[in-house]
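S.K.: heads up, no residue letters with this:
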């Protein structure tokens, strides 16, 4: 760069150097010039694609200390070294204060050993997006010596997206950063982030037992936490959640003020309440992009033995997060409740000042009615698609400090404040300090509140109502807004203000004038009755200029879906759905529109769906050529259009240069997709149609005989998926797809176009060597394939990439499964067989001498409507190798199936098992087979009338224990004969089971007679939408209460007393002791201490109601302390106990 020709005193006073986008630069500072740039303090180098080194130290004569303080290296894709040699103390960089390295994907480390030992001034270190970085400090060759690195001034460390990073230094070492205040680590999946000197993780213990040396953690929690003020953790980091499982003394968390958690997946544990108790100075908590179903968990709470009384329990709870001021929850998609009813975290909300919730699509409740936000100043709720309202009237009354309220993109919200039972009709709600109110893109919002409350906004100065087309009134009650002088109907436009005397009249005018539609991007006509009546000619069409997604449905006031007056304003329309319009005959009204030079209508239309249009006869009511083209159309879907005979004219079809997917179903009169050229129309001779089509799905089209019979060339060589199902007139077309063409037939169709319309030739779309080089999925009627194979013309080479094959509708006399045919597809991964009379799937006598080559890559097998099927294969040693790679097995409507999984077949890779409507099964599998299902994660059994047990006892082998290591989901629905999962006295272990769904199993009395271990299971769900579920101590007692007691007890006595519960618990002994999760709620009556506690907390109890009762062998006498209750070993038999008469 410097050409080695600088004068001696050149740049001697230079303090700052910035180098950017130098495409030929390989090295920045050659060794002979280091002395020249000694005084440089700031160095910023970025986007130099061929730069390999910053400092060349190979032959330098420089010595002493350089003044470099701030070094930034960004976007240096080939950077190998910052320093290409260790200066070993001759040259020092001890003045370095800050280093930022980003997007240097070849760099493996940062500091030479000697430089790292001298970084006494380093304050900030930020490393991100470096895919090959393994360590920060280069290892020296000194055997097994242990080194200590000290960074006395380091206050901020950020490590982000470093997939190969393992530690600070690759050898034995310790390191200290006593001033570290801010730590952020994310997407560093190979580093053991946290460790503890006193507790070893289960993973570490397992490694030691296997003789594998445990990886040294980057931090020991005991040392790093005590000084931190800000901590940001990503869930992709190994053992990140140890931070809230490890119970350090409260003083260790005294400095922490900001905690940010992100990217915690489905397997991540919720935040322990015991951990939150220690964060007494935390001011900001942020949880983003995570899959927590529960945000807070009580298992980490202090033991009863350490809490002398309920009063102290409550005191600790009130101190938990007592200083929390800011809470952000963003993109936690699975969470349904932040605080459930009677949740014990409610007191932490009292001091909250800012609450932001965004992209929580499953959230159904922001806060229960008892929650008080007395200090909240800012509330921002966006893109929560499950919310119906924000809060109840009682919560609204507590918002006395609220200054700014924003609600945006919540499509189900109908009101902001929900009416609460028990409120008086003339109740008053005052938002004393609210200055700014924004309601944005709330398409179902009808009013701020339904109830007849008096609302007062004495401080409200600015209000935005944008894209709320259903909002007719603000509130039906008394309304006062003395400082408000206008409503903005565009958030960022100060000039677009409406005001008609008061807020209610203004909102009514916005509704009448349809201002809420201005700028709307997504619109469903049936949601807005006022649109139906004015759809043809009375709409403010200019409001739809930004519309990208339109659904026209359930109205019958027009013969065309889109009137010509509206088309000209829809230049941004990308998705159009027209459905369930009974009188509709056309989609686009083009009458009266003339072609204009350079003007094309709907230029961005990407997706077109036409569904349930029984009278639809055409897409356009006049020739669209020159007016309407579909050059950007990517996806076409047509369903249940019983009068439609074709879809495109040749001119329209020629414009479909980007069409990739066609789906047509249940169109009784559909004859062809593209019409032939009419008289006078220009021929499409030799022009390519559908050049990039990837998917074509044709189902239940009884009259369809052709895709296109015109003069153009139909090019389907890019197809990846073909489905032709229940199209009886398409046999010739199917044959042309799968049989080898004549060598002379590929000549762009010139010799084939001889007017034989009844026997159109599709071989023009085939190449001679490979017909479908990209085809991965094929679904066809077996009859068509059988005709080709019988002529000996089927060529599997045409389907060299086929991975998914679906064969349907076999002839009734075809009783032998065509395994000989399927063995041709060596890379087949998924096989679906439906509507056949086979008795078995694999006939051992037809197998090759190497059974492991039968379905060698098969991962998915689906069998449906096979009424004669007896088994997958007969018992044989050969059978064990047939389905050895199978991961998903679905079986439905196989009425004579007696054995689902033969004992000789190994399903060691099976992850999903689904069985439905198989009324010949008495069980699913034997106990020995169950032991082999080591990868099974999901099991579902539905509507099988004869099944009695899921796992049957193997008479030849006694089982002591069956472990379903990875089973997470278990569902039983409508099994009238099911009595249990397993009837033998064998231990069942479900270490991963989290969800159990049981419905309509009236004979089920218990789950199993042996020990059952379900450490992660918290409830049994009775319906798919049941978020609460039911739990009674363990799985056996839960089943017993659900299906036995429920049927015997009247509704008034279904909550058993302690004596009855104890009896039920002792019945447990005949089944074996079961271990379930800890419970979560506590209710204590008539306790002097309890009267002073609004939400007492006890870790291991779900519902604790204590009475003076005989328990076990003696009388339990409750006292003022919870400890005595907890220490009574008999009390642990039940998580639910009733307490009275203290």
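M.R.: Arrived safely. Values in this document were obtained by computation on a predicted structure and should not be read as measured data.
S.K.: low pLDDT regions in the stretch 1-150 of the chain?
M.R.: By pLDDT under 70, the low-scoring segments of the stretch 1-150 of the chain are 1-9, 61.
S.K.: what ranges do the strands span in it?
M.R.: In the stretch 1-150 of the chain, strands defined by DSSP state E, counting those that start in this stretch lie at 16-20, 27-29, 42-46, 53-55, 64-65, 70-74, 81-83, 91-92, 98-102, 124-128, 147-150, listed in chain order.
S.K.: could these go into TSV alongside mean neighbour count?
M.R.: C-betas here are computed from N, CA, C, even on glycine. Compiled in TSV, the strands of the stretch 1-150 of the chain are given as follows (neighbours: other Cβ atoms under 10 Å):
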stretch	mean neighbour count
strand 16-20	13
strand 27-29	20
strand 42-46	18
strand 53-55	22
strand 64-65	10
strand 70-74	19
strand 81-83	21
strand 91-92	21
strand 98-102	19
strand 124-128	19
strand 147-150	15
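S.K.: select, out of those strands, the one closest to residue 283.
M.R.: strand 124-128 (22.0 Å; Cβ to Cβ).
S.K.: so where's the stretch 251-400 of the chain uncertain?
M.R.: Using pLDDT under 70, the flagged stretches of the stretch 251-400 of the chain are 266-270, 272-274, 296-320, 340-348.
S.K.: ok, which stretches of it are strands?
M.R.: 258-262, 271-272, 284-290, 296-297, 326-332, 354-358, 378-382, 391-392.
S.K.: make a markdown table out of the ones you listed and add mean neighbour count and distance to residue 57.
M.R.: Formatted as a markdown table, the strands of the stretch 251-400 of the chain follow (neighbours: other Cβ atoms under 10 Å; distance: least, Cβ to Cβ, whole Å):
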| stretch | mean neighbour count | distance to residue 57 |
| --- | --- | --- |
| strand 258-262 | 21 | 39 |
| strand 271-272 | 22 | 48 |
| strand 284-290 | 19 | 42 |
| strand 296-297 | 20 | 53 |
| strand 326-332 | 19 | 46 |
| strand 354-358 | 18 | 49 |
| strand 378-382 | 19 | 52 |
| strand 391-392 | 22 | 64 |
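S.K.: residue 671: which of those strands is closest?
M.R.: Nearest to residue 671, of all those, is strand 326-332, at 48.4 Å by Cβ to Cβ.
S.K.: got the phi/psi numbers for the residue nearest the centre of the chain?
M.R.: Central residue of the chain (Cα atoms, centre = their mean): residue 333, 6.8 Å from the mean position. With angles defined as degrees, to the nearest 10, residue 333 sits at phi -70, psi -30.
S.K.: could you find the closest non-adjacent residue to it?
M.R.: In this structure, residue 333 finds its nearest non-sequential neighbour in residue 361, 5.2 Å apart by Cβ to Cβ, 6 or more residues apart in numbering.
S.K.: same check on residue 255?
M.R.: Closest to residue 255 by Cβ to Cβ, 6+ apart is residue 229, at 5.4 Å.
S.K.: right, and the one you found touches residue 254 too?
M.R.: No - Residue 229 is beyond contact range of residue 254, at 10.3 Å (criterion: Cβ atoms under 8 Å).
S.K.: got the contact list for residue 398?
M.R.: Going by Cβ atoms under 8 Å, 6 or more residues apart in numbering, residue 398 touches 371, 372, 373, 374.
S.K.: residue 605 now?
M.R.: Counting by Cβ under 8 Å, 6+ apart, residue 605 touches 573, 574, 575, 576, 630, 632, 633.
S.K.: residue 58 too?
M.R.: Contacts of residue 58 (Cβ under 8 Å, 6+ apart): 31, 84, 85.
S.K.: now swap in residue 977 and tell me
M.R.: 945, 946, 947, 948, 1003.
S.K.: check contacts around residue 868.
M.R.: Residue 868 touches 815, 837, 838, 839, 896, counting by Cβ under 8 Å, 6+ apart.
S.K.: residue 487 too?
M.R.: 463, 464, 465, 497, 498, 499, 503, 506, 507, 510.
S.K.: of those, grab the buried ones for ChimeraX.
M.R.: Buried subset of the contacts of residue 487, written as a ChimeraX selection, criterion 16 or more other Cβ atoms under 10 Å:
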select :463,464,465,498,503,506,507,510
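S.K.: and which of the contacts of residue 487 is nearest to residue 120?
M.R.: residue 464 (53.2 Å).
S.K.: which helices and strands does the host helix or strand of the closest one pack with?
M.R.: Assessed by DSSP states H and E, residue 464 sits inside strand 462-466. Applying 3 or more Cβ pairs under 8 Å, 6 or more residues apart in numbering; DSSP states H and E, one finds that strand 462-466 makes contact with strand 436-440, strand 487-488, helix 503-512.
S.K.: what is the burial count for residue 142?
M.R.: 10 (other Cβ atoms under 10 Å).
S.K.: gap between it and residue 167?
M.R.: Counting by Cβ to Cβ, to the nearest Å, the separation of residue 142 from residue 167 is 17 Å.
S.K.: repeat that for residue 693.
M.R.: Relative to residue 167, and taking Cβ to Cβ, residue 693 is found at 52 Å.
S.K.: and if you look at residue 567?
M.R.: Distance from residue 567 to residue 167, by Cβ to Cβ: 63 Å.
S.K.: residue 544 too?
M.R.: 58 Å.
S.K.: ditto for residue 572
M.R.: Distance from residue 572 to residue 167, by Cβ to Cβ: 52 Å.
S.K.: show me how this protein divides into domains.
M.R.: What automatic domain parsing lists as the domains of the chain is 1-180, 364-518.
S.K.: what pairs with the nearest residue to residue 725 once chain neighbours are set aside across the strands?
M.R.: Distance criterion Cβ to Cβ, 6+ apart; nearest residue to residue 725, sequence neighbours excluded, is residue 699 at 4.6 Å. Beta-bridge partners recorded for residue 699 (DSSP bridges): residue 665, residue 725.
S.K.: repeat for residue 286
M.R.: Beta-bridge partners of residue 286, as defined by DSSP bridges: residue 260, residue 328.
S.K.: contacting residues around it?
M.R.: 258, 259, 260, 261, 262, 326, 327, 328, 329, 330 are the contacts of residue 286 under Cβ under 8 Å, 6+ apart.
S.K.: same thing with residue 937?
M.R.: 911, 912, 966, 967, 968, 969, 992 are the contacts of residue 937 under Cβ under 8 Å, 6+ apart.
S.K.: and the two most separated of those residues?
M.R.: Once Cβ to Cβ is applied, the contacts of residue 937 give 912 and 992 as the farthest pair, at 14.2 Å.
S.K.: quick one: which of residue 572 and residue 167 has more around it?
M.R.: In terms of neighbours (other Cβ under 10 Å), residue 167 is the more surrounded of residue 572 and residue 167; the figures are 19 against 16.
S.K.: got a list of what that one touches?
M.R.: Counting by Cβ under 8 Å, 6+ apart, residue 167 makes contact with 135, 191, 192, 215, 216, 218.
S.K.: for the third one, grab the count of nearby residues.
M.R.: Neighbourhood size, residue 192 [other Cβ under 10 Å]: 21.
S.K.: same check on the last one?
M.R.: By other Cβ under 10 Å, the residues close to residue 218 number 22.
S.K.: for the stretch 701-850 of the chain, give me the ranges with low pLDDT.
M.R.: Using pLDDT under 70, the stretch 701-850 of the chain drops low at 711-712, 731-771, 784, 786-798, 844-850.
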